[in-house]
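K.L.:
sequence first, then the predicted structure:
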Amino acid sequence: MEIFEQVAAMQLACREVRRSGKTLGLVPTMGALHAGHLSLVRAARADCDVVAATIFVNPLQFGPKEDFSKYPRTFEDDCRKLRAEKVDMLFAPTTEQMYPRGASTVVHVEGLSEKLDGKSRPGHFRGVTTVVAKLFEIARPHRAYFGQKDAAQLAILRKMARDLNMDIEIIGCPIVREADGLAMSSRNVYLSPEERRQALCLHRALCKIESLVAGGERDAERLREAGLLVIAEEKAVRLDYLEIVDAETLDPVRDIKAGALVAVACFVGSTRLIDNVVLPPCA
Ligand code: AMP
């Protein structure tokens, strides 16, 4: 695996890949890699001739009171995992490489970026779309792989690619969970054993909603109420949002017959966790 820190070197290497007629798959991450990230790498490995991963803890997507400085950084370990998955190229730039002094251009998907996590994390999605647009421009991959775990992010990146006519196929990959249902996240390392137990209420709430849908419930508000009750049972957990929305527009739906995204975000202690489930269309 070749490691690139410089934008120009990564750009050149990716250009060579395309010139040789090979397909290039890109897997953007912030590092602290777990099995969720590696599932994206495997999907890319299965689809593409050359796989490039990126590790960059993007300051632009963290709010001033968020965890940018304490975000887990495990570079050597990450490199080992990526090598084991036969990743060809790793782009791990410094902040100065990505945002040279004076850089002032951002990419902002209006509307969608203010919904779900965008409501409680102002500027977050603008940071995400800006860095991903830059990574796309640097690597110009044929395909890019993102997790369904960040469902709003995936919807926003799809919209960005469409709106800006980016010739890149955005591939969404399923959520990878721990054995007990907790969605894998680099932030799970922040949880104390007690918080780790409390965090299961996110998955429990989603399962409750799915089981009510299986039992015939179609009304989004009643489903939402049932999910909220499950979260409320875990007294130490503070709800940020639980919403039932259209997976593309992220607008709330009244019933779930055409399919819906159920997305939840909670603070467990000081750790903010998210999870979601996609309800398929049903009669
Ligand atoms: P991050 O490093 O948190 O920015 O995540 C990098 C990519 O990995 C994003 O596309 C995430 O959606 C994806 N990802 C993170 N956790 C999971 C998971 N548990 N299952 C699947 N994909 C994930």
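P.N.:
Noted; the coordinates are in hand. Numbering: from 1, shown residues only.

K.L.:
which SS state does I170 fall under?
P.N.:
The three-state label given to I170 by DSSP: H, G, I helix; E, B strand; the rest coil is strand.

K.L.:
now do the contacts for I170.
P.N.:
For I170, the contact set (Cβ atoms under 8 Å, 6 or more residues apart in numbering) comprises 143-144, 146, 154, 157-158, 161. No exception for glycine: its C-beta is placed from N, CA and C like everyone else's.

K.L.:
can we see that at 10 Å?
P.N.:
Residues touching I170, when contacts are defined by Cβ atoms under 10 Å, 6 or more residues apart in numbering, comprise 132, 136, 143-146, 154-155, 157-162.

K.L.:
from G127, how far off is the closest residue to C201 other than its chain neighbours?
P.N.:
Taking Cβ to Cβ, 6 or more residues apart in numbering as the measure, C201 lies nearest to E234, with 4.1 Å between them; neighbours along the chain are not counted. When distance is defined by Cβ to Cβ, to the nearest Å, E234 is 30 Å away from G127.

K.L.:
do the same with A151
P.N.:
The span separating A151 from G127 equals 17 Å under the rule Cβ to Cβ.

K.L.:
the two: who's more crowded?
P.N.:
A151 (25 against 20; other Cβ atoms under 10 Å).

K.L.:
identify the residue spatially nearest to the more buried one, adjacent ones excluded.
P.N.:
Residue nearest to A151 in three dimensions, not counting chain neighbours: N276, with 4.6 Å by Cβ to Cβ, 6+ apart.

K.L.:
now swap in T105 and tell me
P.N.:
In space, T105 comes closest to T130 once its chain neighbours are excluded; the distance is 7.8 Å by Cβ to Cβ, 6+ apart.

K.L.:
who touches the one you found in this structure?
P.N.:
Under the criterion of Cβ under 10 Å, 6+ apart, the contact list for T130 reads 58, 60-61, 98-99, 103, 105-108, 123, 160.

K.L.:
pLDDT score for A283?
P.N.:
Model confidence at A283, expressed as pLDDT, equals 87.

K.L.:
re the thing from before, nearest to A220 among the contacts of I170?
P.N.:
For the contacts of I170, the closest approach to A220 (Cβ to Cβ) belongs to A155, at 17.6 Å.

K.L.:
where does V262 fall, secondary structure wise?
P.N.:
strand 260-268 (DSSP states H and E).

K.L.:
picking up where we left off before, run through the contacts of I170 and flag the ones next to the ligand.
P.N.:
F146 (Cβ under 6 Å from any ligand atom).

K.L.:
kind regards, and thank you for your time.
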